[in-house]
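Trainee: just coords:
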């Protein structure tokens, strides 16, 4: 009799403790994540500048985006180019770094440190460094080009060069993806390489036939993370170019930020943010779906 | 003999590639440091020198006199410490719950937790700004650290993975001795959890220290600026003095470098874990 009472109290005690333990996160989830996500969706149907009260305008924000606002299309195009060029480059750079980190030479620890180092100093300081290195008049880059007699472009101040320069400098901080690749490389069974070595396969052949197929699950993970983070990129553009020159680096999220905090078009900014969610989600899901065709899992599935 | 030579050649080639790659990653930072020690005329010269003729260490003294770096540093340290504390406490509790307790709805909530990892910050940015403005928190540090006391999906996930790996027997033994839930968490799990807590603290440190957008949106008062806003403010001046800009940048990087060198091993393990377990 007494025992069953104890058991009954035990029965609700465990769920109760669980919910008590996660309660801070649950509150945070509602207040700082789910609530705002829903609020953003609702605000997308309003016009609000924070001064006058919000006004319901239905689909007007979305209509403005599609049929009136030329900068919406411009920023979307800039972002698609940025993502389309940056994702393959970032994946290749990270893979290259991981292959380098995986070499068995004395002092490899130091090299690993050096390759990862830029990723922990990714603040405003690094953006300032790039502005300085790519300064058209006194920067390091044009100084070096000058040494070999080549005329240097304006880099961040040239409408043709600003976006490529932004993409290349963003490759400086791919350390995290490289470390994840490195962990994947360490999981490739050693005996596969031994067999290949006995067959006399070249290093390139080993990379293509063993390393890359074995690495595909890691490639998928890094690919999705890189796609998402590339769509989200904008702080560097805000600091370095603020979207210029002539909107050549106006990344989508930068335009969203400007609408919210420069032009005080909060409703419009929210509508923009939902379009970005839809695009990112669609692309991530598409990548995930296509993965069954190219990702290799040990033992079939 | 020939095989030996070709092996040596291969090793040398690999070493060369390692050094070349390292050069690309280190040189920009060296250039930053070098510029920070140059005089105004040397900075504005196309005669590139990595080692200045006469290193001006006084540039560092100058920036501390010209700009309120101490205030920026104090503000940044405060926000960073609060973030680390908040995440350690709230995420350990939630991770313990997810790892060791059974409850209806737990699996659904765990899926929600993972899903929130994918929510882009740009969606929550505007509503959160409005929320904190309505609360009267605008131009205070509160929006920058209070949310960390309400958990962070990434850290919870990471800690949960670690706690799952700790055997239940330890917990059962403590429970039979009559220890309460928090007591068990404190004396049984925490000692085993130190490496994972270090990872959470380190990631939180780098993220908060380097965060530019949050302070930019919420802090308007110059006295409340963080280091990141401080660097940016040097650029909005009429004439940018690059030696000071780079010296200020070096000052903002040094704490990151120090923390990185001490926590390197944990960081690398932490990142690898997120990639493999997903």
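Mentor: Perfect, thanks for sending it. For clarity, every value in this text was computed on a predicted model and none was experimentally measured. Numbers count the residues shown, from 1 in each chain, chains lettered A, B, ... in the order given.

Trainee: measure residue A:193 to residue A:203 for me?
Mentor: Going from residue A:193 to residue A:203 by C-beta to C-beta, to the nearest Å gives 10 Å. (Glycine included, C-beta is placed from N, CA and C.)

Trainee: Which stretches in the stretch 101-250 of chain A count as strands?
Mentor: When secondary structure is read from DSSP state E, counting those that start in this stretch, the stretch 101-250 of chain A shows no strands.

Trainee: Do a quick rundown of the helices in it.
Mentor: For the stretch 101-250 of chain A, the helices defined by DSSP state H, counting those that start in this stretch cover A:108-120, A:124-133, A:140-147, A:162-170, A:175-186, A:190-198, A:203-206, A:212-232, A:235-240.

Trainee: Ok, which of those helices comes nearest residue B:236?
Mentor: helix A:235-240 (11.0 Å; C-beta to C-beta).

Trainee: What's the local residue count around residue B:37?
Mentor: The local packing of residue B:37 (other C-beta atoms under 10 Å in any protein chain shown) involves 21 other residues.

Trainee: Tell me who's in contact with it.
Mentor: B:52, B:55, B:56, B:57, B:59, B:243, B:247 (C-beta atoms under 8 Å, 6 or more residues apart in numbering or on different chains).

Trainee: Which of these are buried? Put it as a ChimeraX command.
Mentor: Per 16 or more other C-beta atoms under 10 Å in any protein chain shown, the buried members of the contacts of residue B:37 correspond to this ChimeraX selection:
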select /B:52,56,59,243,247
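
Trainee: remind me which residues of chain B are low pLDDT?
Mentor: Scanning chain B for pLDDT under 70 picks out B:1-4, B:273-278.

Trainee: make it 80
Mentor: For chain B, the stretches with pLDDT under 80 are B:1-7, B:45-47, B:236-238, B:268-278.

Trainee: try chain A
Mentor: For chain A (pLDDT under 80), the answer is A:1-11, A:122, A:296-301.

Trainee: Can you tell me the closest non-neighbouring residue to residue A:255?
Mentor: Residue nearest to residue A:255 in three dimensions, not counting chain neighbours: residue A:75, with 4.0 Å by C-beta to C-beta, 6 or more residues apart in numbering or on different chains.

Trainee: give me the number of residues near that neighbour?
Mentor: With other C-beta under 10 Å as criterion, residue A:75 counts 23.

Trainee: after the helix or strand that contains residue B:190 comes which helix or strand?
Mentor: Assessed by DSSP states H and E, residue B:190 sits inside helix B:190-210. Using DSSP H and E, the helix or strand that follows helix B:190-210 in sequence is helix B:213-218.

Trainee: Could you double-check that residue A:94 lies in contact with residue A:182?
Mentor: No: Residue A:94 lies out of contact with residue A:182 (C-beta atoms under 8 Å); the separation is 9.3 Å.

Trainee: how much space between residue A:241 and residue A:127?
Mentor: Noted for residue A:241: a distance of 10 Å to residue A:127, by C-beta to C-beta.

Trainee: Please list the residues of the stretch 151-278 of chain B that sit near chain A.
Mentor: Within the stretch 151-278 of chain B, the positions near chain A by C-beta under 8 Å from any C-beta of the partner chain are B:151, B:156, B:181, B:206, B:209-213, B:217, B:227-229, B:231-232, B:235, B:242, B:245-246, B:248-250, B:252-253, B:256-257, B:259-261, B:264, B:267-268, B:271-272, B:274-276, B:278.

Trainee: Show me which of those are buried.
Mentor: Buried, going by 16+ other C-beta under 10 Å: B:151, B:156, B:181, B:206, B:209-213, B:217, B:227-229, B:231-232, B:242, B:245-246, B:248-250, B:252-253, B:256, B:259-260, B:264, B:267-268, B:271-272, B:274-276, B:278, out of these.

Trainee: can you give me the helices in the stretch 51-200 of chain B?
Mentor: Under DSSP H, counting those that start in this stretch, the stretch 51-200 of chain B gives helices at B:58-66, B:69-100, B:106-116, B:121-134, B:142-145, B:153-164, B:168-176, B:181-184, B:190-210.

Trainee: Next, count neighbours for residue 202.
Mentor: This is for chain A. If you count neighbours by other C-beta under 10 Å, residue A:202 ends up with 9.

Trainee: should've been chain B
Mentor: 20.

Trainee: ok, and the closest non-adjacent residue to it?
Mentor: Counting by C-beta to C-beta, 6+ apart, residue B:202 lies nearest to residue B:263, which is 4.6 Å off, once chain neighbours are set aside.
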